[in-house]
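J.: What would the 3D arrangement of this be:
(4 chains)
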Protein chains: 2
Amino acid sequence: MEGIGAGNEGSERAIPEATVARLPLYYRALLELTDEGISTLSSDRLAELAGVNAAKVRKDLSYLGSFGTRGVGYEASVLVDRISRELGLTHDWPVAIVGIGNLGQALANYRGFGARGFRVLALVDSDPTKVGATVGDLRVEALDDLPRVVKDRGITIGIIATPAAVAQEVSDRLIAAGVRSILNFAPAVVTVPEGVQLRKVDLATELQILSFYQSRPPYPERSPA
Amino acid sequence: MEGIGAGNEGSERAIPEATVARLPLYYRALLELTDEGISTLSSDRLAELAGVNAAKVRKDLSYLGSFGTRGVGYEASVLVDRISRELGLTHDWPVAIVGIGNLGQALANYRGFGARGFRVLALVDSDPTKVGATVGDLRVEALDDLPRVVKDRGITIGIIATPAAVAQEVSDRLIAAGVRSILNFAPAVVTVPEGVQLRKVDLATELQILSFYQSRPPYPERSPA
DNA sequence: CGCACCTTGTGAATCTCTGCACGAAGTGCG
DNA sequence: CGCACTTCGTGCAGAGATTCACAAGGTGCG
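T.: Sure thing, here's the model as predicted:
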């Protein structure tokens, strides 16, 4: 393949998926550092904070360009700026949560994304007894109003916190309403058309993976260096 | 490594991590099928239900042994049995949740692991005003009682749902108390000693990854100029 | 001003995962 | 019985991710 030769500076180098998944870690670590007044740091230090190794940090960052200074390290503020632009965090994204059960309510009240570029602007449920209730400082709205809600508030990200049985249908309706990314907490496989982003968070799956490794330790016991 | 021959035929072939992460998906799909009375199925069908491709299903299952019938498919009950043994789901695992805020409470009430081999037997918090409260049908206990609670109830899995600032300390205390696997929901990097299993679920990270791909579609619909 | 010392950025080797393609094995119809 | 059809199990090649190791480039002290 040959690049169009377009903006080399424009970071158009196809960032690997694995790298993308680590950028948020670096980002968070860097925010903490700058809060502490640290302004410059080495890949070694960042690696430690992010729980990965230093070579990986350097290679990951190199996909965004090269703004470290050899012999010195990276300027934290430069990295924060560059990564946040790369991740699209320069403005807030409006989010809708569908399914206001235990988990949905917890997510609605969760400080954690609010602070980091995401803003929950709608809570939606299909249960008429829940519609109208207030959670946090939002009113729960009806599933049937989804198209209007999504459109009016410019929502592009939907979080599914419904029972598994309706997850696919909710996903379809979110997408039909204009949402372009979905984070699925329901324990069900959801499929989306090409062009829509989907990620899942599955508690039961995570526990089962832990169970596997707990049952049979992958490291057959010691072997000192 | 040497298989102590914990009991079975082949199976000691070092199952790849990627495969382990998919086994729970197959498991869930199979349970749904058997609930519907389906007893036999092809790799194609299972692939569709799990949202992966058929070759992957066959290869994954081949790591567990080979119990499909060519020309016919797999017996669902055999697969369920085999996978559940592989994942260590033949008995329930006792779980403790630490940090009974919004998220911790939601997790405590979450039907979903209960049904699937995990049983929440302890809720723990360091806040004295929370200790003694009842969530679901469990009483919230003090963090200082962790060693006793973990020991008495044979808890081996800990879920961290605390603020980021104390996640590492809680992790250390869980491990000191005897827990061997940790599922971390706090937005913080936690490190554990060799031999302890750790997985994380990070909402902000997931959203940021979505944000990345939403900002720059990976398939740029290039026009053949 | 030169030299010892850092730390980045990246080519290259290695390891892991994916997906294809096809042989092996089983079924059932005529 | 034989043949067409189905589906598993797997060798292999290619893609992707990780890690090493080192040259390039920059700093600051004497």
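
J.: Next, count neighbours for the closest residue to A:S39 other than its chain neighbours.
T.: Of all residues not flanking A:S39 in the chain, A:A76 sits nearest, at 5.6 Å (CB to CB, 6 or more residues apart in numbering or on different chains). Where C-beta positions appear, they are placed from N, C-alpha and C, glycine not excepted. A total of 22 residues lie near A:A76 under the criterion other CB atoms under 10 Å in any protein chain shown.

J.: What does A:A76 show for phi and psi?
T.: Per-residue torsions, A:A76: phi -60, psi -40 (degrees, to the nearest 10).

J.: ok, it - contacts?
T.: Going by CB atoms under 8 Å, 6 or more residues apart in numbering or on different chains, A:A76 touches A:30, A:33-34, A:38-41.

J.: All the helices of chain A, residue numbers only.
T.: A:17-35, A:43-50, A:54-62, A:76-86, A:102-109, A:146-153, A:167-177, A:203-215 (DSSP state H).

J.: Ranking by neighbours, what's the top pick from the contacts of A:A76?
T.: Neighbour counts for those peak at A:L30, which has 24 neighbours (criterion: other CB under 10 Å).

J.: got a pLDDT number for the spatially most central residue of chain A?
T.: Centroid-nearest residue in chain A, with CA atoms, centre = their mean: A:P24, separated by 7.7 Å. Here the pLDDT value assigned to A:P24 is 97.

J.: ditto for the one 3 residues further on
T.: Looking at A:Y27, its pLDDT is 97.

J.: which one is it nearest to, not counting chain neighbours?
T.: Counting by CB to CB, 6+ apart, the residue nearest A:Y27 is A:I83, at 4.9 Å.

J.: which residues of chain A score low on pLDDT?
T.: Applying pLDDT under 70 to chain A picks out residues A:1-13, A:112-115, A:217-225.

J.: go again using 90 as the cut-off
T.: For chain A, the stretches with pLDDT under 90 are A:1-13, A:110-117, A:216-225.

J.: In chain A, which strand is the longest?
T.: strand A:118-125 (DSSP state E).

J.: For it, which helices and strands make contact with it?
T.: strand A:93-98, helix A:102-109, strand A:138-142, helix A:146-153, helix B:203-215 (3 or more CB pairs under 8 Å, 6 or more residues apart in numbering or on different chains; DSSP states H and E).

J.: What residues are bridge-paired with the closest residue to A:L183 other than its chain neighbours?
T.: The shortest distance from A:L183 to any non-neighbouring residue, by CB to CB, 6+ apart, is to A:I159 (4.8 Å). A:I159 has these beta-bridge partners by DSSP bridges: A:I97, A:L183.

J.: okay, now A:I159: neighbour count?
T.: Neighbours of A:I159 under the rule other CB under 10 Å: 31.

J.: who are the neighbours in contact with it?
T.: Per CB under 8 Å, 6+ apart, neighbours of A:I159: A:95-98, A:104, A:107, A:182-183, A:185.

J.: can you do 7 Å?
T.: Contacts for A:I159 (CB atoms under 7 Å, 6 or more residues apart in numbering or on different chains) come out as A:95-98, A:107, A:183, A:185.

J.: try A:A54
T.: A:43-44, A:47.

J.: rewinding a little: which of the contacts of A:A76 sits closest to DNA strand D?
T.: Ranked by distance to DNA strand D (CB to the nearest atom of the strand), those are led by A:T40 at 10.3 Å.

J.: And that closest one, how far from A:G68?
T.: Note on A:T40: its distance to A:G68, by CB to CB, to the nearest Å, is 10 Å.

J.: for A:R180, same thing?
T.: According to CB to CB, A:R180 stands 33 Å off from A:G68.

J.: ok, now A:V201?
T.: In terms of CB to CB, A:V201 sits 33 Å off from A:G68.

J.: can you check A:T19 too?
T.: Following CB to CB, the distance that separates A:T19 from A:G68 is 16 Å.

J.: before we move on, what about A:R216?
T.: 41 Å.

J.: Looking at these two, which has the bigger crowd around it?
T.: Shown here are A:R216 and A:G68; by other CB under 10 Å, A:G68 has more neighbours (20 against 14).

J.: Hmm, A:V78 and the more buried one touching each other?
T.: No: checked against CB atoms under 7 Å, the pair A:G68 and A:V78 is beyond contact range at 8.9 Å.

J.: ends of stretch A:157-173, how far apart?
T.: Length of stretch A:157-173, first residue to last, CA to CA, to the nearest Å: 13 Å.

J.: now stretch A:172-191
T.: Terminal-residue distance, stretch A:172-191 (CA to CA): 9 Å.

J.: List the buried residues in it.
T.: A:173-175, A:177, A:179-190 (16 or more other CB atoms under 10 Å in any protein chain shown).

J.: Would you mind pulling the contact partners of that stretch?
T.: Residues from elsewhere that reach stretch A:172-191, judged by CB under 7 Å, 6+ apart: A:98, A:103, A:146-147, A:150-151, A:155-164, A:167-168, A:171, A:192-193, A:196-202, A:204, B:25, B:28, B:49-51, B:112, B:206-207, B:210, B:214.

J.: which of the residues you listed are buried?
T.: A:98, A:103, A:146, A:150, A:155-162, A:164, A:167-168, A:171, A:192, A:196-198, A:200-202, A:204, B:25, B:28, B:49-50, B:112, B:206-207, B:210, B:214.

J.: Name the residues of chain A found near DNA strand D, please.
T.: Residues of chain A lying close to DNA strand D by CB under 7 Å from any atom of the strand are A:16-19, A:52-53, A:55-56, A:58-59, A:69-72.

J.: Can I get the buried part of these as one PyMOL selection?
T.: The PyMOL selection below is limited to those of the residues of chain A next to DNA strand D classed as buried (16+ other CB under 10 Å):
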select buried, chain A and resi 19+52+58
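
J.: What about A:S66, how many residues nearby?
T.: Neighbour tally, A:S66, other CB under 10 Å: 10.

J.: sorry, that was for A:V78
T.: Neighbours around A:V78, by other CB under 10 Å: 16.

J.: Would you mind measuring from the residue nearest to A:D60 when sequence neighbours are not counted to DNA strand C?
T.: Closest residue to A:D60 apart from its sequence neighbours, by CB to CB, 6+ apart: A:T19 at 4.5 Å. Per CB to the nearest atom of the strand, to the nearest Å, A:T19 is found 11 Å from DNA strand C.

J.: for A:V135, same thing?
T.: Counting by CB to the nearest atom of the strand, the gap from A:V135 to DNA strand C is 37 Å.

J.: now A:A165
T.: 27 Å.

J.: What of A:I182?
T.: For A:I182 relative to DNA strand C (CB to the nearest atom of the strand), the value is 20 Å.
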